[in-house]
Structure formats: C-alpha cells, structure tokens
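A.B. asks: 3D model of this:
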Amino acid sequence: MQKKFNVEGMSCSACSASVERAVGKIEGVNSASVDLLSKTLICDFDEKKVTADTVINAVSKAGFSATLKEEKKAETKKEETKEDYTPVKTRLIVSFIFLFILMYVSMGHMLSLPEPPFFKGRENALTFAFTQLLLTLPVIYVNRKFFFTGIKALKNGAPNMDTLVAIGSLAGAVYGVFAIYMIGYGQGHGQWEIVDTYRHNLYFESSAMILTLVTLGKFFESRSKDRTGDALRGLESLSPEKALVERGGTVVEILTSEIQVGDTVIVRPGSRVPIDGVITDGGASFDTSALTGESVPVFKSVGDEIASASLSLDGEIKIKATGVGKDTTLSKIIELVEGAGASKAPIARLADKISRVFVPTVMTIALVTFGVWMLLGEGFEFSLSRALSVLVISCPCALGLATPVAITVSVGRLAREGILVKSASFAESLAEVKIAIFDKTGTVTEGKMSVSDVSVKESEKEFFLSLVKTLEEKSDHPLALAMTEYTSESTSLEITDFKAVAGKGVEGKIDGKEALGGNLRFMKEKNIDISSLEKIAEGYAEEGKTATYFALDGKALGVVAISDTVKADAKSTIEELKRLGIKTVLLTGDNSYTAKAVGSIAGFDEVISDVLPQDKQRVVKEYRERGRTLMVGDGINDSPALATADVGMAIGTGTDIAIDASDIILMSGGLHGVLRCVTYAKATVRNIKQNLFWAFFYNALGIPLAAGVLFYPLGIVLNPMIGAAAMSFSSVFVVTNALRLYKK
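C.D. replies: Residues are numbered from 1 along each chain as shown. Prediction:
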C-alpha cells in the first residue's frame with residue numbers, strides 16, 4: 001500500500017537522502033521517495049509487515065519528524081504555506097536589524113564613521129568585544145533552527161546543510177568568546193599586544209553575517225519555490241467550497257465535501273461543477289479548459305457526462321453525482337500532479353548520490369584546510385577563516401533543488417493545459433524519443449464514422465436515401481449508425497423480412513421487392529451487377545473510405561462512402577515531430593487502403609496496417625530496439641502497447657484501461673498535446689542540465705577558492721561572509737532558472 005507523509009526539518013538534499021535511506025531500510029518497505037520541495041514522503045510498503053507508525057519512527061530516528069498526510073482544502077494549504085513563510089521573514093528582519101548595528105560597531109571606524117568613545121582604544125577593547133557578543137546573540141537566537149537541526153543531524157550521523165551553517169557560525173561565535181577571554185587576560189596582565197591581536201579578530205560579525213545571509217537566501221528561495229506550487233493550488237481552487245443540492249424536495253447549500261453519490265446537484269450559470277456526474281435536466285455550454293486545455297466551449301445536455309471543475313456559461317442544469325471527493329476527475333488530476341512531483345527522475349540520481357557524501361566530505365575538507373594552513377604557519381585566525389569559508393560556501397541545496405523544482409514547475413504547468421503526467425521521469429524519456437507510434441481510430445482520427453459521399457443518380461436520390469434509412473436504421477453496426485444519422489430527415493419505407501448478415505450487410509423486402517445493402521462480397525453473392533459503381537467505390541477505398549452498395553429488385557442503385565475524419569491538428573503535429581527528427585509511424589488493425597489514406601493525409605513516415613490487437617505490443621517491442629519509443633493510443637487494444645513503449649501517452653477521451661496503462665494523459669482529444677509534451681520535455685531536461693551544471697560548477701569553483709588555493713599565487717582569499725552570500729544565492733539562482741519554464 002502507498003501512503004504520503006509530511007516531513008519536517010529537511011533543508012537540503014542530504015536531508016531528503018537521509019530520510020529515504022532510513023525508511024528504505026525498513027523490512028517490508030518497497031520504495032521510499034522524498035520530495036524536498038513539498039516536504040513529503042511517498043512510501044510504498046507491505047501493510048502486513050509495516051505500519052504508518054513504523055515509518056514515522058524511522059524518520060524520527062533519522063533526525064526529522066513525520067506525520068501522515070491528510071486530505072486538506074486549498075485554503076488550508078495556503079495557510080500552511082503562509083505559516084512556513086512568515087517565520088523566515090521575521091527571522092530575516094530581526095537578523096538584519098542587529099547585523100546592521102553589529103557591522104557599524106565592528107567596522108564603522110574603518111569607514112571613518114562616528115564611533116562612541118567607550119569603544120576606542122586598547123583600554124575599551126573588552127567593552128568593544130562584549131558589545132559585539134550581545135548584538136550577535138539575538139541573531140543566533142532567532143536562527144536557532146540551524147543549530148537544533150544541524151547538530152541533531154550530525155548526532156544522527158547524517159549531517160546536512162544546516163550542519164555546515166551551524167558549525168561555521170558556531171565556530172566564529174566560540175572563537176569570539178575565546179577572544180574576549182584573551183582580551184581580558186591581556187588587559188589584566190598588561191600584555192597589550194595580546195589585546196591588539198584579538199580585538200581586531202573577533203569574528204562575531206562573520207557568525208551573524210553567515211546566519212543572516214543564509215536566512216536571506218532561504219527567504220528568496222521560499223518565495224521562489226512557492227511559485228512552483230501555483231499550478232497545483234490553481235487546480236485545487238477550481239473545486240467550489242459549497243454546492244446546491246436537492247434534499248427532501250428542497251434546495252439546500254452544503255459543503256462540497258458532504259455531497260454523496262446519487263445526490264442531485266444544481267449548477268447555475270457562472271458556477272463550477274463540484275462533482276462528476278450525468279446531466280438529468282437542462283443544458284448549458286461549458287468551459288472545460290481547466291481540465292482539457294481546450295478554449296472552445298462545449299454544449300452538454302440531458303444524458304451527457306460532465307466532469308468536476310467545468311464552468312457553466314449560460315444555463316442551469318441538474319446533475320446526478322457519480323463521482324465525489326477523491327473520485328472526481330479534478331481530485332485524480334491533483335493526485336497525479338502531486339505524485340509526479342514527488343517521484344524521482346533518473347537524472348536526479350547523480351545529485352542524490354553526491355548529496356549523501358557531500359556534507360561529510362565538505363567537513364573533512366574544512367578540517368584539512370585548517371590543518372594545512374596551520375602547518376604552513378599562517379596562524380590560527382587565518383586558518384580558521386579559511387575553514388569557515390569552506391563550510392559556509394558549500395551548499396548541497398542547489399544540487400538537491402536542481403531537478404525537483406524544474407519537474408514540479410513542468411508537471412504543474414502541463415496540468416493547467418490539460419496534460420497529466422504520472423511520473424517525474426517523463427521529461428528524460430520524452431526528450432530522447434526517436435520514434436512516435438500512433439494508433440489510428442480515435443487517436444489520429446475522430447473515432448466516429450460519418451457519411452462522406454453518396455453516389456446515385458440525382459433523380460433517384462430522395463428515394464435512395466429513404467431506402468438507405470429503412471435498411472440501416474434496424475441495424476446497430478457502426479456503419480449503419482453513421483448512415484442512419486445522415487439520413488435522419490428522410491422518410492422511412494415499409495420493410496418486411498429484415499435480416500442482418502454478419503460481416504456482409506442487411507436485407508429485407510420493400511413493396512415486395514428484395515432490398516440489399518452491404519459490401520462487395522455481399523453483392524456478388526446476390527448476383528448484383530455493380531460494374532457501374534466499382535470504379536467509384538475503388539476511388540473511395542483509395543481515399544480510406546468504406547463503400548457500401550445498395551440494390552433493389554436485383555438492380556444496383558448507388559453507393560455510400562463512410563469515413564472516419566482525420567483530426568484537424570494531426571497533420572501539423574506529425575510535421576512538427578518529423579522536424580524534431582522523430583520518425584512517425586501509424587499502427588492500426590484497419591485495412592491497408594484506409595490506413596495508407598489516413599497515413600498520407602496526416603503525413604506519417606511509415607504505415608503498418610492489418611495488425612491484430614495482440615500484435616501491436618510485438619511491433620512496439622521491435623521499434624524499441626531501434627530507439628526510444630513513444631506510443632499514443634486510446635482504446636483497450638492499445639493498453640499492452642502503451643505499457644510496452646518507453647513512454648505511453650493516452651488520449652483522455654479513450655478508455656480507462658488505456659489511460660491506466662499510460663505515463664501521460666491528454667485530457668483533450670486533439671493531438672497538439674503530443675507535440676507540446678515533447679517540446680516541453682526537451683525544455684525541461686535542458687533546464688535541469690543547466691541547474692546541475694551551475695550547482696556542480698559553483699561548488700567545484702567555490703570550495704577551492706574558499707580553501708585559499710589562490711592566496712599564495714595571487715593573494716586572493718574568500719571572506720566567510722562572502723561565502724555565505726554566495727551559498728545562499730546559488731539556491732535562489734537554481735529555483736529562479738527553473739521558474740523560467742512557466743514562460744515556455
């Protein structure tokens with residue numbers, strides 16, 4: 001079974017890796033995936049061996065806290081976001097106030113700023129140092145979270161970013177306290193050279209600056225990351241809080257969460273549908289763009305199904321609820337988006353592996369840096385400064401955020417366009433697709449048969465259409481339904497001895513004469529001369545149309561052509577995919593005439609016809625050996641092929657089985673979503689690679705610089721305060737870069 005947990009106390013990818021490792025060790029846990037962005041854990045476990053409490057205890061032992069995630073309204077989630085965000089803002093304001101005063105006290109004299117007389121000179125060194133300590137303590141106190149979580153993580157053997165910040169800041173503060181004692185000793189024993197040495201090397205401002213700048217980075221990061229959830233919160237807001245329901249013959253307003261299956265819900269113009277259901281009274285045009293991405297309104301009336309979040313534009317309707325709560329279309333979309341954000345993309349594995357050893361490695365480098373500079377005789381203060389710089393410039397946050405932020409933005413953005421992604425791996429898989437295979441009926445075509453041509457003498461057309469209607473309205477064959485709809489305004493004739501002949505056609509007697517309607521084989525069996533119609537029928541077949549012959553009293557009267565219309569955006573979609581270097585294949589069980597005609601209209605590179613449902617999977621397997629494969633389909637017979645392809649994409653208007661077997665769902669029936677997914681996946685992978693490059697590059701360049709490798713050749717050293725600022729803004733850069741995907 002799969003459960004979601006809220007995890008508190010995580011600050012970087014090292015934290016999330018610790019949680020995953022701790023939970024993954026539990027016997028009976030199949031998988032554990034942490035989303036650092038939303039601070040959630042998705043755990044799949046054997047409920048016979050593991051309980052939710054077992055998982056919570058494991059997270060607790062790792063140094064964090066976890067609670068079982070419950071379903072909450074969007075308003076509650078917004079409040080939670082605000083509650084998380086406000087303390088950071090408060091900490092930042094307090095930190096800057098005291099830091100400003102501290103910097104004035106400690107460095108004001110360097111800028112020739114007015115300085116109180118009781119801070120000047122050797123004799124006031126103790127007052128000067130102690131005042132800085134007092135100004136540093138409030139900054140440490142409001143940012144105590146770094147020390148609590150950082151030291152706790154270190155004790156649990158899983159040091160994280162907070163550990164680096166805590167040790168760096170604490171080392172500066174402890175050294176400052178040591179310096180106060182040394183100043184006191186020097187003043188008491190008249191050793192003024194000791195006083196001069198330590199009053200200029202207090203490091204209190206570095207300690208406070210590290211905490212303040214890291215908090216500043218967290219502030220900007222939290223604001224930026226908050227935007228990545230805008231799409232999800234936008235989806236959540238589409239569900240109205242209250243709804244009108246008929247109860248006991250009266251209309252009452254109740255909470256949407258209280259609606260039950262079978263209730264009759266009333267939706268008025270300008271209101272959104274709160275549940276999934278079937279319209280029982282009235283009709284209206286609906287804006288379904290929130291779910292499908294289609295901007296054109298759709299008219300629905302009695303008997304039509306309607307999905308939650310659809311907006312009624314111009315009519316009042318009554319709906320019988322068939323899906324409520326978690327079972328509505330909107331709820332399932334939200335669940336898919338959340339699940340995709342929490343899943344791991346393959347490209348994130350490298351960052352995860354590095355994060356697990358990153359912090360311990362940085363701490364080792366800091367110790368080695370301190371030791372080397374001490375051995376080189378550069379003094380305790382210089383050596384400590386270099387070690388502190390290494391600690392605070394090293395930030396695993398950027399590595400940890402590089403992939404999940406980009407994925408979350410992408411999944412949320414696509415969801416708003418009616419494209420649902422089930423897994424974070426979609427971007428990498430789609431970006432490398434070399435072959436795109438499409439089912440025909442219902443995918444490339446509309447999936448609805450309709451009469452396209454009628455060939456009959458003009459003088460006989462009226463009677464001919466009545467004959468067609470009379471014969472076909474008694475049949476339930478798809479072709480018959482198309483012809484019945486076409487001839488709906490014609491007059492029905494009296495018919496007797498009606499019979500449907502499977503695989504051939506229909507027959508009966510009209511005015512005592514034998515009336516026939518069917519395929520070429522049926523006509524030949526009945527010895528009907530159709531030579532005058534054969535060329536016309538062959539022309540229809542070459543265009544991918546199905547020809548049905550009609551005859552009366554042994555004489556051929558005419559032919560009706562039926563076709564399944566190619567979707568309007570099929571040709572442009574195929575052309576663009578080919579332009580991207582993707583081979584396009586039409587795979588269908590239909591006959592070669594029809595398949596080639598549709599393939600020609602849409603512009604496919606290759607057409608494979610007469611394929612049985614069970615053979616589609618085999619064909620997809622063969623193509624997978626040539627390159628990464630995308631399969632697009634909508635029917636039950638497409639399910640094995642969708643599951644076999646590297647990426648399965650289901651048209652949302654198709655069957656539930658096809659949708660369940662796919663990785664991506666297009667809520668709209670159009671094909672433009674296929675192209676949108678591919679191009680957006682490429683942009684997402686490009687963005688992730690940029691993020692990872694800069695995260696790696698930053699650390700590869702920053703750590704040696706902080707350690708002082710350029711001190712001897714160029715005299716360049718990195719102040720710990722500058723290191724803290726650089727660390728903070730590295731995470732902000734990664735998040736901001738990912739947010740650019742909103743504009744793609």
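A.B. asks: Now do the helix or strand where Val620 lies: distance to the chain's middle.
C.D. replies: Val620 belongs to helix 613-624 when elements are defined using DSSP states H and E. Distance of helix 613-624 from its chain centroid, counting by Cα atoms, centre = their mean, to the nearest Å, is 28 Å.
A.B. asks: Repeat that for stretch 521-530.
C.D. replies: 58 Å.
A.B. asks: Which helix or strand lies directly C-terminal to the helix holding Val620?
C.D. replies: Next element after helix 613-624 (DSSP H and E): strand 629-633.
A.B. asks: same for the helix holding Val620, what does it pack against?
C.D. replies: Helices and strands touching helix 613-624, by 3 or more Cβ pairs under 8 Å, 6 or more residues apart in numbering; DSSP states H and E, are strand 435-439, strand 583-587, strand 629-633, helix 639-644. (C-beta placed from N, C-alpha, C; glycine too.)
A.B. asks: tell me the most buried of those?
C.D. replies: The highest mean neighbour count among those, using mean count of other Cβ atoms under 10 Å, belongs to strand 629-633: a mean of 29.
A.B. asks: That one pairs with which strands?
C.D. replies: strand 435-439 (parallel), strand 647-651 (parallel) (DSSP bridges).
A.B. asks: Residues contacting the first one, please?
C.D. replies: Which is strand 435-439. 444, 577, 582-588, 604, 616, 619-620, 623, 626-635, 638, 641, 645, 674, 678 (Cβ atoms under 8 Å, 6 or more residues apart in numbering).
A.B. asks: could you check the angle strand 583-587 makes with the helix holding Val620?
C.D. replies: 170 degrees (axes from the mean of the first three to the mean of the last three Cα atoms, to 10 degrees).
A.B. asks: For Val7, give me its contacts.
C.D. replies: So Val7 contacts Val19, Val34, Lys39, Thr40, Leu41, Val59, Phe64, Ser65, Ala66 (Cβ under 8 Å, 6+ apart).
A.B. asks: The helices and strands packed on helix 613-624: which one's closest to Val88?
C.D. replies: Comparing those by their distance to Val88 (Cβ to Cβ), the top pick is strand 629-633, with 42.2 Å.
A.B. asks: can you list contacts of the closest one?
C.D. replies: Contacts of strand 629-633 (Cβ under 8 Å, 6+ apart): 430, 433-439, 443, 582, 620, 623, 638-639, 641-642, 644-651, 654, 658, 671, 674, 678.
A.B. asks: per-domain residue ranges of this structure.
C.D. replies: Per automatic domain parsing, the structural domains of the chain span 2-70, 78-230+339-406+690-743, 240-327, 407-445+566-682, 448-565.
A.B. asks: Does Ile562 touch Leu481 like I think?
C.D. replies: No. Look at Ile562 against Leu481 with Cβ atoms under 8 Å: they stay out of range, at 10.0 Å.
A.B. asks: Against Ile151, how distant is the closest residue in space to Lys61 that isn't next to it in sequence?
C.D. replies: Distances taken as Cβ to Cβ, 6 or more residues apart in numbering place Ala22 nearest to Lys61, at 6.5 Å, with adjacent residues excluded. Per Cβ to Cβ, to the nearest Å, Ala22 is found 18 Å from Ile151.
A.B. asks: Between those two, which is the more surrounded one?
C.D. replies: Set side by side, Ala22 and Ile151 show more neighbours around Ala22, with 21 against 17, by other Cβ atoms under 10 Å.
A.B. asks: returning to that earlier point: could you say which of the domains of the chain is packed most deeply?
C.D. replies: Using mean count of other Cβ under 10 Å, the stretch among those with the largest mean neighbour count is domain 407-445+566-682, at a mean of 21.
A.B. asks: Three-state assignment for Leu718, please.
C.D. replies: Under DSSP: H, G, I helix; E, B strand; the rest coil, Leu718 falls in the coil class.
A.B. asks: who are the neighbours in contact with it?
C.D. replies: Ser389, Ile393, Gly702, Leu705, Ala706, Gly708.
A.B. asks: Grab the nearest non-local neighbour of Asn201.
C.D. replies: Glu381 (4.6 Å).
A.B. asks: likewise Pro640?
C.D. replies: Gln617 (4.0 Å).
A.B. asks: My read is that the one you found contacts Ala645, right?
C.D. replies: No. Gln617 is not in contact with Ala645 according to Cβ under 8 Å; the separation is 9.3 Å.
A.B. asks: No further queries at this time; thank you.
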